[in-house]
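Participant: everything below, folded, please.
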Amino acid sequence: MADREREVIVTDGGRSSGSGAIIAVVLLIALLVVLFLVFGQGLIGGGDGKDINADIKIETPATTN
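Facilitator: Numbering: from 1, shown residues only. Next comes the predicted model:
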């Protein structure tokens, strides 16, 4: 009898090592840190606290009744 060639397919059972989830969590934390540094400066200090004093004088023509 002649020997036949066989193709062997090896699978790991569908289990993953979880490295994709770890990378996703690290990227999410990095994104949150960047967003905080860009937009969250006023959250900790409560803003600049600068008052704007503006004196505005509007002259209108006198109305007669």
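
Participant: when you work out contacts or count neighbours from here on, use the C-alpha atoms and nothing else.
Facilitator: Noted.

Participant: residue 41: how many residues sit nearby?
Facilitator: 13 (other C-alpha atoms under 10 Å).

Participant: how close does it sit to residue 4?
Facilitator: 71 Å (C-alpha to C-alpha, to the nearest Å).

Participant: what does residue 63 give?
Facilitator: 109 Å.

Participant: please apply the same query to residue 50.
Facilitator: 85 Å.

Participant: report the buried residues of stretch 55-65.
Facilitator: Residues of stretch 55-65 include none that count as buried (16 or more other C-alpha atoms under 10 Å).

Participant: may I have that stretch as CSV, with CA atoms only?
Facilitator: As requested, C-alpha coordinates have been extracted for stretch 55-65 and formatted as CSV (Å, rounded to 0.1, in the frame of the first residue of the first chain):
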residue,chain,number,x,y,z
ASP,A,55,-18.0,99.7,32.3
ILE,A,56,-20.3,100.0,29.3
LYS,A,57,-22.1,103.3,28.6
ILE,A,58,-24.7,103.2,25.9
GLU,A,59,-26.2,106.5,24.8
THR,A,60,-29.6,106.4,23.3
PRO,A,61,-31.7,109.3,22.0
ALA,A,62,-34.3,110.6,24.4
THR,A,63,-37.8,109.4,23.8
THR,A,64,-40.7,111.7,24.2
ASN,A,65,-44.2,110.5,25.1
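
Participant: start the count at 5, not 1, going forward
Facilitator: Shifting the count to begin at 5 puts that one at stretch 59-69.

Participant: quick one: low-confidence parts of the protein?
Facilitator: 5-6, 18-20, 46-53, 69 (pLDDT under 70).
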